[in-house]
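Asker: just a sequence and a predicted model for now, questions to come.
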Amino acid sequence: MNQLLDELILNNTLLRVLEHFRIAKVDYAKNVTKYTEIQRDTVLSCIHELEQHGLLEKYTNTSIKRTAAKLKKSAEVHKHHTYFQITRDGVAALNNINPASYVEFLADDCIQCLMNRGKERLMEEKAAKMIRMGLMTRNSELTGLGIQVLEELKKEKYHKF
């Protein structure tokens, strides 16, 4: 499970797709694309990967009620797509990921890059990793998650930085 959590932390796209399923409960790829604004091919590969890890599973009922699919507009619809739902393992994985888990995952050099992003030019490899993790934008600006991780770093526990 730790290796899987590391993979979710490292790949923000996978994490965003899984978070969408926590909100939606049951959904299909085209709708995930609409809500997350991630390209459909990428969403499909993320769904496949999350299904391989046991974090998502195919939804097998013939019709879908709004009580199961939180983002559905009508009370009940018949399936026209392949629907997926989040598993208990998927919910548990999301519950274990927080800013402190990002701090534990980051190497010292990445922490230095995150804290000193305005003082020095980020090395391309470290910047790409931070962007992929969803901590920074391509313009070296912190994302909402990046701000949360930085706040976690500034707590007494990580005072050496």
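Answerer: Sure, I can see it.
Asker: skip ahead from the lowest-mean-pLDDT helix or strand in the chain and say which helix or strand is next.
Answerer: Taking mean pLDDT, DSSP states H and E as the measure, the chain has strand 76-78 as its least confident helix or strand, at a mean of 55. The first helix or strand that comes after strand 76-78 along the chain, using DSSP states H and E, is strand 84-86.
Asker: ok, that next one: who's next to it in the sheet?
Answerer: Looking at strand 84-86 with DSSP bridges, its partner strands are strand 26-27 (antiparallel), strand 56-58 (antiparallel).
Asker: distance from that strand to the middle of the chain?
Answerer: Distance of strand 84-86 from the chain centroid (CA atoms, centre = their mean, to the nearest Å) equals 15 Å.
Asker: run through who's touching that strand.
Answerer: Strand 84-86 is contacted by residues 18, 21-22, 25-28, 47, 51, 55-59, 68 when judged by CB atoms under 8 Å, 6 or more residues apart in numbering. (Each C-beta comes from the backbone N, C-alpha and C, glycine too.)
Asker: quick check: what element follows it along the chain?
Answerer: Using DSSP H and E, the helix or strand that directly follows strand 84-86 along the chain is helix 88-95.
Asker: past that following helix, which element shows up next along the chain?
Answerer: Sequence-wise, the next helix or strand downstream of helix 88-95 (DSSP H and E) is helix 99-105.
Asker: buried subset of the contacts of strand 84-86, written for ChimeraX?
Answerer: Buried residues among these (16 or more other CB atoms under 10 Å), as a ChimeraX selection:
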select :18,21,25,26,27,28,47,55,56,59,68
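Asker: so which of the contacts of strand 84-86 is the closest to Asp41?
Answerer: Lowest distance from Asp41 to the contacts of strand 84-86 (CB to CB) belongs to Ile47, with 10.8 Å.
Asker: these two touch, right, His20 and Lys34?
Answerer: No: assessed by CB atoms under 8 Å, His20 is found out of contact with Lys34, at 10.1 Å.
Asker: more crowded one of those two?
Answerer: Using other CB atoms under 10 Å as the criterion, His20 and Lys34 rank with His20 on top: 20 against 13.
Asker: ok, the more buried one to Glu7 distance?
Answerer: Distance, His20 to Glu7, using CB to CB, to the nearest Å: 17 Å.
Asker: repeat that for Arg88.
Answerer: 18 Å.
Asker: same question, Lys58
Answerer: Going from Lys58 to Glu7 by CB to CB gives 21 Å.
Asker: with Pro99 instead?
Answerer: With CB to CB as the criterion, Pro99 and Glu7 are 18 Å apart.
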